[in-house]
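Enquirer: Model the structure of this input:
(2 chains)
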Amino acid sequence: RKEVEQDPGPFNVPEGATVAFNCTYSNSASQSFFWYRQDCRKEPKLLMSVYSSGNEDGRFTAQLNRASQYISLLIRDSKLSDSATYLCVVNMFPSGGYNKLIFGAGTRLAVHP
Amino acid sequence: DAGVIQSPRHEVTEMGQEVTLRCKPISGHDYLFWYRQTMMRGLELLIYFNNNVPIDDSGMPEDRFSAKMPNASFSTLKIQPSEPRDSAVYFCASSLEQGSNQPQHFGDGTRLSIL
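Expert: Numbers count the residues shown, from 1 in each chain, chains lettered A, B, ... in the order given. Okay, here's the model as predicted:
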């Protein structure tokens, strides 16, 4: 089983739609969680951290369910510029407590007019 | 502020040749990471350094791959000899100290093609 699993998509949605991505992780000891965004032929960039109580940043809402080892990202009122691949990322702490990120394979989103 | 700087941006070479990828992390960042990204395997961590010391190289695929960080502002990833299956995008990233919510900042990547 992969350490971080995501639906690869693609999700094809019209502008203005609400879309949700899901992610599961295998290591219950994982400490922190993120969503990164990667545009075509570009580097990954941090979109937002995911906090236990859930958090929102404008049109983006992230949720964490530690019991189910499940993370989600909700995008409301989709824009053309939201088209990208969204990477679910889990911070693991191997011995020594170093900052090791495990990336999911990504979910591709295509927003069309 | 300057981000993570990688060079070259693109590299095309014949199999068997030595390839050297370079990275300059963000000033003040204690961690440096080398990743490889392919369509088949996604983004894979190859190795990471803390304060110039290699901490975890378990992701390095084989002995043909080696990485060094001679000082806080420079790292190299070397492949010798290169093979066609090494073709991928190689990213370097850096982050601040080990706080659990520290994001990693990625360079633009090096697109490597081995013919």
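Enquirer: any low-confidence regions in chain A?
Expert: Residues of chain A that meet the criterion pLDDT under 70 lie in A:93-99.
Enquirer: Where do the strands of it begin and end?
Expert: For chain A, the strands defined by DSSP state E cover A:4-6, A:11-14, A:19-25, A:32-38, A:44-50, A:55-57, A:60-65, A:70-75, A:84-92, A:100-103, A:107-112.
Enquirer: of those, which approaches B:Ser7 most closely?
Expert: strand A:44-50 (18.9 Å; CB to CB). In short, each C-beta sits where N, CA and C put it, glycine included.
Enquirer: Partner strands of the closest one, with direction?
Expert: strand A:32-38 (antiparallel) (DSSP bridges).
Enquirer: quick one on the thing from earlier: go through the strands of chain A and pick out the most buried.
Expert: strand A:84-92 (a mean of 23; mean count of other CB atoms under 10 Å in any protein chain shown).
Enquirer: Just the C-alpha atoms of that strand, please, in CSV.
Expert: Extracted in CSV, the C-alpha atoms of strand A:84-92 (Å, rounded to 0.1, in the frame of the first residue of the first chain):
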residue,chain,number,x,y,z
ALA,A,84,-3.3,22.2,-11.9
THR,A,85,-2.3,19.1,-10.1
TYR,A,86,-3.0,19.0,-6.4
LEU,A,87,-0.6,17.0,-4.3
CYS,A,88,-1.5,15.6,-0.9
VAL,A,89,1.6,15.7,1.4
VAL,A,90,2.2,14.1,4.7
ASN,A,91,5.0,15.0,7.0
MET,A,92,6.6,12.0,8.6
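Enquirer: Which strands or helices does that strand pack on?
Expert: strand A:4-6, strand A:19-25, strand A:32-38, strand A:70-75, strand A:100-103, strand A:107-112 (3 or more CB pairs under 8 Å, 6 or more residues apart in numbering or on different chains; DSSP states H and E).
Enquirer: what's the residue closest to the geometric middle of chain B?
Expert: Centroid-nearest residue in chain B, with CA atoms, centre = their mean: B:Trp34, separated by 2.9 Å.
Enquirer: That one: which element?
Expert: Taking DSSP states H and E as the criterion, B:Trp34 maps to strand B:31-38.
Enquirer: can that strand be found next to chain A?
Expert: Yes: using CB under 8 Å from any CB of the partner chain, strand B:31-38 reaches chain A at B:Tyr31, B:Phe33.
Enquirer: That strand: which residues count as buried?
Expert: Buried residues in strand B:31-38, defined by neighbour count with 16 or more other CB atoms under 10 Å in any protein chain shown: B:Tyr31, B:Leu32, B:Phe33, B:Trp34, B:Tyr35, B:Arg36, B:Gln37.
Enquirer: now, among those residues, which is nearest to chain A?
Expert: Nearest to chain A, judged by CB to the nearest CB, of the buried residues of strand B:31-38 is B:Tyr31 at 5.9 Å.
Enquirer: Skipping adjacent residues, who's closest to the closest one in space?
Expert: Of all residues not flanking B:Tyr31 in the chain, B:Ser95 sits nearest, at 4.6 Å (CB to CB, 6 or more residues apart in numbering or on different chains).
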